[in-house]
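Undergrad: For reference, the sequence and a predicted model appear below.
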Amino acid sequence: MSLLDVRDLSVVFQRRGEQPFTAVDKVSFTVEPGQTVGLVGESGCGKSVTSLAIMGLLPKRGNKVSGEVLFDGADLLKLRRDDMRDRRGRDIGMIFQDPLSSLNPVIPIGVQVAEVLERHQGRDRKQALREARELLDAVGIPDPDRRLKEYPHQISGGMRQRALIAIALACKPRLLIADEPTTALDVTIQAQILTLLKQLVDETGTALIMITHDLGVVAGLCDTVNVLYGGKVVERARRHELFAQPRHPYTHGLLNSVPRLDSIRGERLHAIRGSVADNIPWGEGCAFAPRCDNVVDACLEGPPPLEPTATGGDLRCNNPVSEEVAVP
Amino acid sequence: MLRVIVRRLLQLVVTLIALSALIFIWLRNLPGGPVDALLGERATPETRALLTKALGYDQPIHVQYGKFMQRILTGDFGNSIRTGDPVIEVIGRAFPATFELALAAMVIAVGLGIPLGYLAARWRGRSLDHLTVVGTLLGISIPIFFLGYLLKDVFTQNIHWFPPSGRVGIGLDNTNITGFFVLDGLLTREFDAAADALWHLVLPAFTLATIPLAVIVRMTRASVLDVLNEDYVRTAEAKGLRHRTIRGRHILRNALLPVVTTIGLQTGALLSGAVLTEKVYNWGGLGTLITDSITGSRDYPVLQALILLAAFVFVVVNLLVDLSYAFIDPRVRVR
């Protein structure tokens, strides 16, 4: 049994007096124990909303979540609010994008780590702080004794993200969701944080859902990758296959638009034309069609189905990129 | 921290000196004066001159001010022109009444305002929220004297829940130790007196509390709404923390920062409300003393001391607010 089995997860935002907006559209994917799974796509493709829906952290009002999120076979979407509260932080940890705003500015780092241990492991404050010190040490924060008493504004961005990782992993969860964990950091720090994450999930056997728009992050970390476009999974493949043979024109475009050190000087970067604003609703065809180089008539007749590929992945495309013209 | 306190206390002294000069000059430039007030219109010029000289008002204003400051430094604020009693005594008699009233009003305003503001924010867009928004708008816009007479009419004439005016019931022999009647009643174990004093306090305190209450509710609501959208609240939820931990440690602690400032400013502004409230409920405190000192006799010494006292309270309260700010928010401490 998969650790996490997301089936037909949909999130529809509905504000009074406005058209409903489908942010996540029947997304399905699985995460095996210890596996690292990527959710990739550009801003607005529904990857963060997916993670918040799994965690039960979407606002109480103004949205409708449907489908199933089976964690160990139990549907998280059907859990009572308090039962979900018991699981968050204990079974599933989460790391967010902006480490400064994600930490409470008026509470010492130590307490922010300790409180999750107090909540889920029944530790008293003293013991929890002792363990928090070890956790800070484990995530590579120098001089942890001093950091325990310091406030978020007193430590660097990289250290803040390390502290957030310590919080998320404090209770040794079986699943960790990292939502763009390196986006707000310097490039040099990004590499350190990714290395740390990789090391920690390897050591603890924690499964990881990595949400990112950065294919470099995917390349270094993920076992399987789900590419999202317009709220739907458009391609799913193992990392190796995805980079070697991107089949969906969108994935292909993403990979092509990554600047490469070995490209010829003066060569223009490839960009996917248009923007998300050009999307057509999935009901009328493929949302990506207006931006797609491979578009055929069938693309505007209805949404293409998600079909298994020969290499064991899934693909939602009428006219995939042929295997020969794959990225060099 | 100590340096901050010392610096603020020095600022306080400078503020008070500047203010005392302003008050001194302003009062003496008002038309009419204590001499007219005491002697009436038909007094002869000779009598006027005599009294003016006796009170020292014939001297140049800077000389008068110098003498005034000299006496203040020795703790002597002069004598009331109206009664002849030392100003300190006159104010000392009226102070507990107003302090008791103001304290009760702030307890109501803070004690109700913060929970109400929090609940309104939590249930944004629902009926409680709408009710609070409308209610606070009314609270801010209804004049105190109007509300005072309205409450008095309803609760003392139509339904006899509360006494209409004064601080104690007639014929109740309460012992006066501190001047705070509720406290006195408790200290002397005259519980009936304490209850009676508390009973008298309810309507005036609510009347005086309306504006600060409305302001605090609004401020808390807006501030909590801001904090609810903060990423660290989402982090706290992602940790699976209990609701009360998130509310107390993560939401309110951050949301109350601007509210604390508001509480300070509102406390300072209470005196102006007290003047009207005391008038409505015949409450013999500083507010009554101020009106009497202006309208009756232009009682310069009493007025000067009262305004200085008000300024002193305002500055001290806001000093306390700033210090508590530094206590709550570590980001302020470094400066």
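TA: Alright, I've got the coordinates.
Undergrad: which other helices and strands contact the lowest-mean-pLDDT helix or strand in chain A?
TA: The weakest-scoring helix or strand in chain A, judged by mean pLDDT, DSSP states H and E, is helix A:215-221 (a mean of 85). Packed against helix A:215-221 by the contact rule (3 or more C-beta pairs under 8 Å, 6 or more residues apart in numbering or on different chains; DSSP states H and E) you find strand A:36-40, helix A:187-204, strand A:207-212, helix A:239-244. (C-beta placed from N, C-alpha, C; glycine too.)
Undergrad: For the second one, output the C-alpha coordinates as CSV.
TA: Taking only C-alpha atoms (Å, rounded to 0.1, in the frame of the first residue of the first chain), the coordinates of helix A:187-204 have been written out as CSV:
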residue,chain,number,x,y,z
VAL,A,187,21.6,30.3,-4.7
THR,A,188,24.5,29.1,-2.5
ILE,A,189,22.2,28.5,0.4
GLN,A,190,19.7,26.7,-1.9
ALA,A,191,22.2,24.0,-2.6
GLN,A,192,23.0,23.6,1.1
ILE,A,193,19.3,23.3,2.0
LEU,A,194,18.7,20.7,-0.7
THR,A,195,21.7,18.7,0.3
LEU,A,196,20.4,18.8,3.9
LEU,A,197,16.9,17.7,2.9
LYS,A,198,18.3,14.9,0.8
GLN,A,199,20.5,13.7,3.6
LEU,A,200,17.7,13.9,6.2
VAL,A,201,15.1,12.0,4.1
ASP,A,202,17.8,9.4,3.4
GLU,A,203,18.7,9.0,7.0
THR,A,204,15.1,9.0,8.4
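Undergrad: can you give me the offset of that helix from its chain's centre?
TA: Distance of helix A:187-204 from its chain centroid, counting by C-alpha atoms, centre = their mean, to the nearest Å, is 15 Å.
Undergrad: contacts for that helix?
TA: With contacts defined as C-beta atoms under 8 Å, 6 or more residues apart in numbering or on different chains, helix A:187-204 is touched by A:34, A:36, A:138-140, A:157-158, A:161-162, A:165, A:169, A:172, A:176, A:178, A:181-182, A:185, A:206-208, A:217, A:220-221.
Undergrad: Next: the last one.
TA: Contacts to helix A:239-244, defined as C-beta under 8 Å, 6+ apart, come from residues A:38, A:218-219, A:222-225, A:227, A:235, A:251, A:255, A:311-313, A:326-327.
Undergrad: what distance separates it from the centre of its chain?
TA: 18 Å.
Undergrad: And it, what's buried?
TA: Residues of helix A:239-244 classed as buried by neighbour count (16 or more other C-beta atoms under 10 Å in any protein chain shown): A:239, A:241, A:242, A:243.
Undergrad: got it, and the longest one?
TA: For helix A:187-204, burial by neighbour count (16+ other C-beta under 10 Å) applies to A:189, A:190, A:192, A:193, A:194, A:196, A:197, A:200, A:201.
Undergrad: Repeat that for stretch A:146-160.
TA: Buried residues in stretch A:146-160, counted by 16+ other C-beta under 10 Å: A:147, A:148, A:150, A:151, A:152, A:154, A:155, A:157, A:158, A:159, A:160.
Undergrad: try stretch A:55-65
TA: Buried residues in stretch A:55-65 (16+ other C-beta under 10 Å): A:55, A:56, A:58, A:63, A:65.
Undergrad: Format the CA atom coordinates belonging to it as CSV.
TA: Extracted C-alpha coordinates of stretch A:55-65, given in CSV (Å, rounded to 0.1, in the frame of the first residue of the first chain):
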residue,chain,number,x,y,z
MET,A,55,-2.6,19.1,4.9
GLY,A,56,-6.2,20.4,5.5
LEU,A,57,-4.8,23.9,5.6
LEU,A,58,-7.0,25.5,3.1
PRO,A,59,-9.3,28.3,4.4
LYS,A,60,-12.5,26.9,6.0
ARG,A,61,-14.7,28.8,3.7
GLY,A,62,-14.8,29.7,0.0
ASN,A,63,-13.5,26.4,-1.4
LYS,A,64,-14.7,22.9,-2.1
VAL,A,65,-12.3,20.0,-1.8
